[in-house]
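Student: for reference, the sequence and a predicted model appear below.
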Amino acid sequence: MQIRAVLIDIDGVLYVGDRRIEGADRALRELDRRGIPYRFVSNTTRRSRASVALRLEGLGYAIPESRIITAPVAAAAHLREGGRTRCFLLTTPDARTDFEEAGLLAVEEDADAVVVADAADGITYATMNRAFRLLLAGADLVALEKDRYWMGSDGLMLSAGPFVAALEYAAGKKAEVVGKPAPAFFLRALRETGARPKEAAMVGDDIVTDIGGAQACGIRGILVRTGKYREEALQRSGVTPDLVIDSLAELPDYL
């Protein structure tokens, strides 16, 4: 497989819960040795980019914050570029910092957009109902991701997707997805490597969001059997990965 650049998911690929994936750090060092640029693309929306970098450092990874592209960072840039600066943020307080640093204003009324992330315990009936009313009043619905679930330290956890779907159904609006599998998200990250889609590969544990999304952009998809990988999910997805490997540790063997 002739690859000039690699996009790599974080949660489920570099670590699962509090456990680092064995050999993943060696794979990254090998990419560095070969001069293959890579960026980390994450739908993790509970944490700010700074917190993601800090967590990776705590797990023993030496990854500069500048190499990490998260859905909150991409969404903040996208909203600002579109002139939507007043946002109702259904996010964690930590993820909110990425929007505030981009100059967006968090509001409870007269919102240009309702932004939905994996807000953990911040998602309540009251916050969902507030979001619903703002959508009816004309706000756009922006989803940082629509993943169904992710693998936590004690098992599978609901992600933002189910709550985005509920708001779509209630308000009769289609969400604009900014994170994976939106093509713009992959392409934004890929531009930083200087490679074209056909020269790149995406490594992830989500067959639909990571692999299907990347392939739709012309990027090859490499599925890892770590994180939330499930054989039954692969079989029913309708997506055929370009390659399936046990973990990121094996990646250099196929490049």
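Tutor: That came in fine, so what should we check first? Residues are numbered from 1 along each chain as shown.
Student: I'd say residue 114 and residue 133 touch.
Tutor: No. In this structure residue 114 lies outside contact range of residue 133 using Cβ atoms under 8 Å: 9.6 Å. C-beta coordinates here come from the backbone N, C-alpha and C atoms, glycine included.
Student: so which of those two has more stuff around it?
Tutor: In this view residue 114 and residue 133 are compared by other Cβ atoms under 10 Å, and residue 114 has more residues nearby, 26 against 14.
Student: so that one sits in a strand?
Tutor: Yes. Assessed by DSSP: H, G, I helix; E, B strand; the rest coil, residue 114 belongs to a strand.
Student: roughly how far apart are it and residue 221?
Tutor: Look at residue 114 and residue 221: by Cβ to Cβ, to the nearest Å, they are 31 Å apart.
Student: buried set for the strand or helix carrying residue 235?
Tutor: Per DSSP states H and E, residue 235 falls inside helix 231-237. Of the residues in helix 231-237, 234, 237 count as buried by neighbour count, 16 or more other Cβ atoms under 10 Å.
Student: gap between that helix and the chain center?
Tutor: Taking Cα atoms, centre = their mean, to the nearest Å, one finds the center of helix 231-237 at 20 Å from the center of the full chain.
Student: what lies in contact with that helix?
Tutor: Residues from elsewhere that reach helix 231-237 (Cβ atoms under 8 Å, 6 or more residues apart in numbering): 207, 208, 212, 223, 241, 244.
Student: low pLDDT regions in the stretch 1-150 of the chain?
Tutor: Within the stretch 1-150 of the chain, no stretch has pLDDT under 70.
Student: would you agree residue 43 is in contact with residue 148?
Tutor: No. In this structure, residue 43 is not within contact of residue 148 by Cβ under 8 Å, at 11.3 Å.
Student: between the two, which one's more packed in?
Tutor: Taking other Cβ under 10 Å, residue 43 and residue 148 do not tie; residue 43 has more neighbours (31 against 17).
Student: who touches that one in this structure?
Tutor: 9, 11, 70, 71, 144, 145, 147, 159, 179, 180, 209.
Student: inside strands: which ones of those?
Tutor: Of the positions in the contacts of residue 43, residue 70 sit in strands, assigned by DSSP state E.
Student: what residues does the nearest residue to residue 148 once chain neighbours are set aside make contact with?
Tutor: In this structure, residue 148 finds its nearest non-sequential neighbour in residue 161, 4.8 Å apart by Cβ to Cβ, 6 or more residues apart in numbering. Shown in contact with residue 161 (Cβ under 8 Å, 6+ apart): 143, 145, 146, 147, 148, 149.
Student: can I get the buried part of those as one ChimeraX selection?
Tutor: The buried residues among the contacts of residue 161 can be selected in ChimeraX (16+ other Cβ under 10 Å) with this line:
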select :143,145,146,147,148
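Student: so how far is residue 177 from the most centrally placed residue in the chain?
Tutor: Note on the chain: the residue nearest the mean C-alpha position is residue 43, at 1.6 Å, using Cα atoms, centre = their mean. For residue 43, the distance to residue 177 equals 10 Å [Cβ to Cβ].
Student: which residues do these two both contact?
Tutor: residue 145.
Student: now stretch 44-53 - C-alpha only, PDB.
Tutor: This file holds the C-alpha atoms of stretch 44-53, laid out as PDB (Å, rounded to 0.1, in the frame of the first residue of the first chain):
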ATOM      1  CA  THR A  44     -14.100  13.000  20.900                       C
ATOM      2  CA  THR A  45     -16.300  15.900  21.900                       C
ATOM      3  CA  ARG A  46     -16.200  15.800  25.700                       C
ATOM      4  CA  ARG A  47     -12.700  17.300  25.800                       C
ATOM      5  CA  SER A  48     -11.000  20.400  24.400                       C
ATOM      6  CA  ARG A  49      -8.000  19.900  22.100                       C
ATOM      7  CA  ALA A  50      -5.700  21.000  24.900                       C
ATOM      8  CA  SER A  51      -7.200  18.300  27.200                       C
ATOM      9  CA  VAL A  52      -6.900  15.600  24.500                       C
ATOM     10  CA  ALA A  53      -3.200  16.500  24.100                       C
END
